[in-house]
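>>> can't give you the sequence, but here's the structure:
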């Protein structure tokens, strides 16, 4: 008879083990505390509200002089700004978009409303990486909000069952996102399938809508192997593209925050995308992980392409994140990637910044928190890096549309 050094009882299925119960209890306790924190941060309705923007910020976003906005206000044209102490004027993002429409109706319209037109296709940007901690969700969230601030109609799609992008936009996945309210609802294989338009949610960020996520998305990974045996079902790699196409007319750009794995969800997102952004932290282990991601992705995408998937991309770019220029090995790694991938590495890098991490503590982005919340140097350094990265991506979008960069 085999020895039993720990004197363990025979394996009998008699309900959840103590460790299973402990994990469930810890998860439940943490979920309750996070929900309580949210109610503390965003009372009374426990929902996020975007800050207003100073007249100077509004003018920069629109692309006009601050004095011109003052003239419009004094003439009674356009939305009435809120006037604070010292006569400081501020505008909500909705009001900024109203001003864009007002200026576009004038005799000297310069395209203040940047919506796509004519033959310009909806841009679908997949943000991917194999390794957690690469800044993937942070990059996706800031890019989506940046484009909304610039006046584009944006759909952010959270494909990660961990739902960080969803939480960042004010929805706690286990409380606010119920069954059949994620992308899974639109791509599932049974009769409970719903139109994606019924799943899309408005956010507190004008011009930015969200397809939320929760653990339900894992069902697609479990269902797809069984569905592969059904020759009549739409191929898994085309389902995301199909449902995104059903709402594409309402948007200029879609940002897909993919899970950190090469499963069916990620492959479906890559087949739906018109461009790919690969985030990478410039350290050896992260670059080695990215190497494996690229090799596996090329093999798998080759298979689905042979099966009929369309993989024509407008651009592929590597986004260096959490970069510390004073770190010698990181600087060498960035130089190594540039020598290898050349123009496919974005010129601008997202610096490691306490401003970004501090904003994240209250489930906010740098665009949601005003400059007054940080030291001027810290905020300016972070926002300059962020604007550089996002502006470069926007220029690539314009080039794909045939617009001036």
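The structure has been received and is ready for your questions. Computed from a predicted model, the values in this text were never measured in an experiment. Numbering: from 1, shown residues only.

>>> residue 228 and residue 236 touch, don't they?
Yes: look at residue 228 against residue 236 with CB atoms under 8 Å: they come within range, at 7.2 Å. (C-beta placed from N, C-alpha, C; glycine too.)

>>> between the two, which has more neighbouring residues?
A side-by-side neighbour count of residue 228 and residue 236, using other CB atoms under 10 Å, places residue 236 first with 23 against 12.

>>> name the nearest residue to that one, sequence neighbours excluded.
residue 224 (4.7 Å; CB to CB, 6 or more residues apart in numbering).

>>> ok, residue 94 - contacts?
Each residue near residue 94 by CB atoms under 8 Å, 6 or more residues apart in numbering is listed here: 79, 206.

>>> phi and psi next, for it.
With angles defined as degrees, to the nearest 10, residue 94 sits at phi -60, psi -40.

>>> residue ranges for the helices of the stretch 1-150 of the chain, please.
Remark: helices of the stretch 1-150 of the chain, listed N- to C-terminal, are 18-41, 55-62, 66-74, 93-104, 136-149; assignment by DSSP state H, counting those that start in this stretch.

>>> again, but for the stretch 151-300 of the chain
Taking DSSP H, counting those that start in this stretch, the helices of the stretch 151-300 of the chain run over residues 164-168, 173-176, 184-187, 218-227, 236-245, 264-272, 284-306.

>>> just checking, what packs against the fifth one?
In terms of contacts (3 or more CB pairs under 8 Å, 6 or more residues apart in numbering; DSSP states H and E), helix 236-245 is packed against helix 184-187, helix 218-227, helix 264-272.

>>> now with 7 Å?
For helix 236-245, the helices and strands in contact under the criterion 3 or more CB pairs under 7 Å, 6 or more residues apart in numbering; DSSP states H and E are helix 184-187, helix 264-272.

>>> hey, least reliable of these by pLDDT?
Taking the average pLDDT of each of the helices and strands packed on helix 236-245, the minimum falls on helix 264-272, with a mean of 92.

>>> picking up where we left off before, let's have the helices of the stretch 151-300 of the chain in CSV, adding distance to residue 88.
CSV is the format used below for those (distance: least, CB to CB, whole Å):
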stretch, distance to residue 88
helix 164-168, 29
helix 173-176, 35
helix 184-187, 45
helix 218-227, 49
helix 236-245, 41
helix 264-272, 43
helix 284-306, 44
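
>>> to residue 115, which of those lies closest?
Distances from residue 115 to each of these were compared by CB to CB, and the smallest falls on helix 236-245, at 17.5 Å.

>>> check which residues of that closest one are buried.
Within helix 236-245, the residues scored as buried using 16 or more other CB atoms under 10 Å are 236, 237, 238, 239, 240, 241, 243, 244.

>>> any idea how far residue 391 is from the last one?
Note on residue 244: its distance to residue 391, by CB to CB, to the nearest Å, is 25 Å.

>>> and what of the first one?
Relative to residue 391, residue 236 is positioned 35 Å away (CB to CB).

>>> again with the second one
Residue 237 sits 32 Å away from residue 391 when distances are taken as CB to CB.

>>> in the protein, which residue is closest to the centre?
Geometric centre of the chain, nearest residue: residue 140, 2.9 Å, by CA atoms, centre = their mean.

>>> what's that residue in contact with, if anything?
For residue 140, the residues meeting the contact criterion (CB atoms under 7 Å, 6 or more residues apart in numbering) are 127, 156, 165, 255, 257.

>>> run through the stretch 1-150 of the chain and note the low-pLDDT ranges.
Counting by pLDDT under 70, the ranges of the stretch 1-150 of the chain that qualify are 1-24, 26-31, 33-35, 37-47, 106-109, 132.

>>> report how many residues lie close to the residue nearest to residue 236.
For residue 224, using other CB under 10 Å, the count is 21.

>>> so the residue lying closest to residue 272 once chain neighbours are set aside versus residue 125, what's the distance?
Nearest residue to residue 272, sequence neighbours excluded (CB to CB, 6+ apart): residue 241, at 3.7 Å. Shown here: residue 241 relative to residue 125, a distance of 14 Å by CB to CB.

>>> residue 176: neighbouring residues, count only.
Other residues within reach of residue 176, judged by other CB under 10 Å, total 19.

>>> could you do residue 87 as well?
Neighbouring residues of residue 87 were enumerated by other CB under 10 Å; the total is 7.

>>> need the nearest residue in space to residue 217, chain neighbours excluded.
In space, residue 217 comes closest to residue 161 once its chain neighbours are excluded; the distance is 4.4 Å by CB to CB, 6+ apart.
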